[in-house]
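Engineer: task: produce atomic coordinates for the following.
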Amino acid sequence: MAQPRPTSRRFRPQLVLALLLAGGLPAAHAADLARISSPGDVLTVTVESGHEGRLSYRVERKGEAVIAPSRLGLLLDSGRLERNLSLTGQSRRSFDETWEQPWGERRLIRNHYNELRASFAEKAPAPGKDGRHFDVVFRVYDDGVGFRYDFPRQTAMQQAPITAELTEFTPARPATAWWIPAFEWNREEYLYHRTPLNQIGTAQTPLTLRSDNGLHLSIHEAALVDYAGMNLARGDGDVLRAALTPSSNGAPVVRTLPFTTPWRTIQIGEKAGDLVESSLILNLNEPNAIGDVSWFKPAKYVGVWWSLHLETETWATGPKHGATTANTRRYIDFAATNGFRGVLVEGWNPGWDGDWFANGWGFDFTRATDDFDLPALARYGADKGVHLIGHHETACAVSHYERQLPAALDLYARNGVDVIKTGYVCDAGDIQRQDTVDGPVVREWHEGQWMSNHNLRVLKQAAAKHIAINSHEPIKDTGLRRTWPNWVSREGARGMEFNAWGNPPNPPGHEATLVFTRMLGGPMDYTPGIVSLKGRNGLPLRSTLAKQLALYVVLYSPIQMVADLPEHYAEHPDAFQFIKDVAVDWEESHVLNGEVGQYVTLARKVRGGDAWFIGSVGDEQPRRLEASLSFLDPKRRYRAEIYRDGDGANWETQPFAFVRETREVRSTDQLTLQLGAGGGAAIRLVPLE
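Structural biologist: All right, here's what the predicted structure looks like:
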């Protein structure tokens, strides 16, 4: 088939932003229409009506303003849906359940909220004609708020092309913000800015704030389904306005009624760690739609990956091809010897030769290259208890990928491949969509409505084959792993590969930032464990050896890569022991201390066992942290296997200063963690009988 020629149709987000930044709430008295408080009376949401019947909401915490009056409404192609609105009804309900995750940071999650449904109608446009009407639904928890628009079936409109959301978030106090820019070429893969709130540009979510009184907030969204991803554009002062990701269709979102929007979320906590321990995002998603997912096994994996970024091997066929039968057997043997379940192989299929980045239409996902025997390798691995992890890089030729997807999934299912790493490598806004085989190719964004639906199409087809998905260059995580628990992990931030390339490597505080920003959305496939502490051409990682171990506990994912080369682990057997021992699936998790971008310490209990693991990482400053062990069973003693920075540890001068030691501890003890510059500590706590 001739290669399709992309058209020049491209939506300009600047036009949307200019529209969003015009105007604001008039300075007029607002009348309270409805109010709802959280189950513990911690948070209160009030819905108001102001000048010309415009709607807004505000949030208070224990009587103090957290979100000042902030506008509600939508801009449709048929006109603004924000003026001349009147309350036609309201209802309330309370909900309290505890549900079980099939895998996760914690097994049991309490979903306890009070809900307000406020119904609004627009003034009729003419006698005898109905005005448009919709509901705004608020769910108020003690640790945050979720709200969304709900459009029932109605005669006034059947379809809703949404040009923009007029939703606002106005923090009531000055704040420091941690954010990455939206609508830039490198998707989510940027270092986080730390600025005053009033210096934010246009930001992606989750966006994390620390108010001047110490309160922590995170603004994000939950249940992003058949809709455009939400970014935040700063207006006057501290006002943040929803900015929807564009579409080739013109309007960012086109929906047929009835429909609901994704939840707009505000997590609120006294400490930074409260944001991490919140389950708000997951709770606002629908329950498991798959049923039994016991076929997915949380596990660690190795593979042909780091060598590609070091450029010692290649994705392309030839003398340095990494995805060969012999090389993959070597990794299977390494995995089996050390108790790792998975082996990832990138570059196994045709399409990598030449400039694949510019021509994803050349990929074939239904067959292997001549030097990669997929069935034989699958059998060889199965005999050793090791599964191959599949890889589907699309280079953003997404329609081309979808046409091959059924056959590609069948190929993997026949060979026992039950996890696939998908990839969408291209500049933001360059997703290639072709609705018919001979039709034009138009461009979409990674977080646009069309890609939202594409990701769900992949998930549903994969689930039918008992295959899990780990998305790279993904759409943002909004908790859909609750509904589709085969969506097990994703990238969506600067991962370990930046430490191979440089330009620059990730700074020492990067991971302590991710915990309180990107990872509030969900798991990340960061690919830790580079014990060589070297990237391409000897480029040093800004990390100590102990920190690489701590990342397995600090950065959650139910699949964790043991990312370095086998020969490098042989050089560091003491450090490697922790990587072999650390779990990936947890009964419960707790943040012991932490400040955004500076340091964080987490403790996690193994699911189905009694052991605990602690991970602590810091920034470029040496730190002395105290970690209480009060989470331990008070009736038991534990052996603490400690892997820590040694004296003088420093990522620049002594990155391999490292100590492994043991001691006996109880729940009444407190550990002192001495972190070097760019350092960390990793601890295994094993009950003593």
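
Engineer: show me where pLDDT drops low in this structure?
Structural biologist: Along the chain, the parts satisfying pLDDT under 70 run over 1-29, 128.

Engineer: 50 instead, please
Structural biologist: 1-28 (pLDDT under 50).

Engineer: how's it carved up into domains?
Structural biologist: For the chain, the TED database gives the domain ranges 31-284, 299-582.

Engineer: what's the closest of those to residue 632?
Structural biologist: Nearest to residue 632 among the domains of the chain is domain 299-582; the distance by CB to CB comes to 15.5 Å. All C-beta atoms are positioned from the backbone trio N, CA, C, and that covers glycine.

Engineer: run the chain-centre distance for the closest one.
Structural biologist: Centroid separation for domain 299-582 versus its chain: 15 Å, with CA atoms, centre = their mean, to the nearest Å.

Engineer: same deal with stretch 268-281?
Structural biologist: Worked out by CA atoms, centre = their mean, stretch 268-281 lies 15 Å from the chain centre.

Engineer: tabulate the domains of the chain (TSV), appending mean neighbour count and distance to residue 657.
Structural biologist: Listed next are those as TSV, based on neighbours: other CB atoms under 10 Å; distance: least, CB to CB, whole Å:
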stretch	mean neighbour count	distance to residue 657
domain 31-284	19	26
domain 299-582	21	7
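
Engineer: pretty sure residue 516 contacts residue 596?
Structural biologist: Yes - counting by CB atoms under 8 Å, residue 596 is a contact partner of residue 516 at 4.3 Å.

Engineer: need the overlap of contacts for these two.
Structural biologist: Residues touching both residue 516 and residue 596 (CB atoms under 8 Å, 6 or more residues apart in numbering) are 178, 208, 216, 272.

Engineer: take the residues you listed and keep only those in strands.
Structural biologist: Residues of the shared contacts of residue 516 and residue 596 located in strands (DSSP state E): 178, 208, 216.

Engineer: and residue 73, how close does it get to residue 276?
Structural biologist: Using CB to CB, to the nearest Å, residue 73 is found at 32 Å from residue 276.

Engineer: now swap in residue 581 and tell me
Structural biologist: Taken as CB to CB, the span from residue 581 to residue 276 is 24 Å.

Engineer: and residue 404, by the same measure?
Structural biologist: Counting by CB to CB - residue 404 and residue 276 are separated by 39 Å.

Engineer: in this protein, which spans are helices?
Structural biologist: 13-20, 272-277, 280-283, 306-310, 325-338, 374-383, 398-414, 449-464, 497-501, 510-514, 545-554, 566-570, 573-581 (DSSP state H).

Engineer: tabulate these (CSV), appending distance to residue 185.
Structural biologist: As requested, those are exported to CSV (distance: least, CB to CB, whole Å):
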stretch, distance to residue 185
helix 13-20, 12
helix 272-277, 29
helix 280-283, 27
helix 306-310, 20
helix 325-338, 33
helix 374-383, 34
helix 398-414, 18
helix 449-464, 16
helix 497-501, 15
helix 510-514, 20
helix 545-554, 27
helix 566-570, 33
helix 573-581, 34
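
Engineer: so which of those helices is nearest residue 236?
Structural biologist: helix 13-20 (11.7 Å).

Engineer: distance check, the residue lying closest to residue 637 once chain neighbours are set aside against residue 277.
Structural biologist: Leaving aside its sequence neighbours, residue 637 sits nearest to residue 688 (CB to CB, 6 or more residues apart in numbering; 4.6 Å). Distance, residue 688 to residue 277, using CB to CB: 28 Å.
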